[in-house]
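Student: here is my input; please provide its structure:
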Amino acid sequence: MWDNTWEKIFSSRPWGKYPGEDVVRFVARGFYKADDRSVVKLLEIGCGTGANLWFIAREGFEVYGVDGSQSAIDISRARLDAEVTGWKGSLAVGDILSLDFPDNYFDGVLDVEAVCCNGFEQAQLIYAEMVRVLKPGGRLYSRCFAKGTIGDETGEVLGHNTYLPAVGPMAHTGLTRFTAREDLPELLPKNLTLLEVDQVVRGVPLENPILEWCITAEKNHG
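Tutor: Down below sits the predicted model:
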């Protein structure tokens with residue numbers, strides 16, 4: 001469910017301009033060997049101000065982004081128009097629970113900490129929607145906060161592993177769900193094969209860690 005807190009954040013704060021190393025690795029491993037990158041379609045849900053799409057478009061892929069924030073989409077489009085001549089694809093304000101794309105349309109679908117801003121049951125629906133628009137054999141990438149991150153089990157409880165965190169990186173940004181490793185079989189659709197589940201650990205001292213799952217999966221054929 002869209003939280004208008006993010007519209008206020010994107011319209012008022014400077015935001016990161018460059019992708020994380022994990023996103024670069026996912027795109028490189030999955031798609032750099034394509035014979036013709038211009039026909040490879042990659043979608044990011046909750047694309048924010050477009051740092052990941054900027055990188056992907058510069059690498060020659062067709063890019064699509066959906067976000068609930070008009071400000072984020074405007075910033076994304078302005079940067080692509082200014083810095084990536086002739087980029088292909090589209091950006092739109094939309095609901096990631098109901099993507100306006102046909103079945104089996106994308107070669108890859110990315111989520112960088114958008115799904116974890118939704119409760120458990122909604123996250124199941126969003127992952128199912130991501131897989132619906134993914135081609136058989138296509139790849140899904142999801143980065144999300146893990147249990148144990150500073151802020152987990154603080155603030156108001158909203159559901160399974162879901163809080164309005166009182167501290168940590170997601171304090172004052174609305175709902176955050178902290179994913180336990182054992183949640184993944186229930187969160188992800190059954191027609192996915194997990195390829196890799198890494199955990200990134202940041203934060204010193206480690207009494208206040210930021211833990212993130214980096215999940216790569218492939219949509220099954222048939």
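
Student: how about stretch 124-134: buried residues?
Tutor: Neighbour counts using 16 or more other Cβ atoms under 10 Å place 124, 126, 127, 128, 129, 130, 131, 132, 133, 134 of stretch 124-134 among the buried residues. For every residue, glycine as well, the C-beta is placed using N, CA and C.

Student: so the first one, which of the three states?
Tutor: Counting by DSSP: H, G, I helix; E, B strand; the rest coil, the backbone at residue 124 sits in helix.

Student: for it, what are its contacts?
Tutor: Contact analysis of residue 124 by Cβ atoms under 8 Å, 6 or more residues apart in numbering lists 186, 187.

Student: check the fifth one too.
Tutor: Residue 129 is in contact with 96, 97, 98, 99, counting by Cβ under 8 Å, 6+ apart.

Student: isn't there a strand covering the third one?
Tutor: No. Using three-state DSSP, the assignment for residue 98 is coil, not a strand.

Student: for the residue nearest the centre of the chain, pull up the helix or strand it's in.
Tutor: Geometric centre of the chain, nearest residue: residue 111, 1.5 Å, by Cα atoms, centre = their mean. In the assignment (DSSP states H and E), residue 111 maps to strand 106-112.

Student: list the helices and strands that strand packs on?
Tutor: When contacts are defined as 3 or more Cβ pairs under 8 Å, 6 or more residues apart in numbering; DSSP states H and E, strand 106-112 sits against helix 21-31, strand 41-45, helix 120-132, strand 134-145.

Student: among these, show me which one is buried the most.
Tutor: Mean neighbours per residue, mean count of other Cβ atoms under 10 Å, is largest over the helices and strands packed on strand 106-112 for strand 41-45, with a mean of 25.

Student: got the angle for that one vs helix 21-31?
Tutor: Note on geometry: by axes from the mean of the first three to the mean of the last three Cα atoms, to 10 degrees, strand 41-45 and helix 21-31 are set 150 degrees apart in direction.

Student: run the chain-centre distance for strand 41-45.
Tutor: 9 Å (Cα atoms, centre = their mean, to the nearest Å).

Student: which outside residues touch the helix or strand just after that strand?
Tutor: As assigned by DSSP H and E, the chain's next helix or strand after strand 41-45 is helix 51-58. Residues outside helix 51-58 that contact it (Cβ under 8 Å, 6+ apart): 15-19, 23-24, 27, 42, 44, 47, 63, 65, 76, 79-80, 83-84, 87-89, 91, 110, 112.
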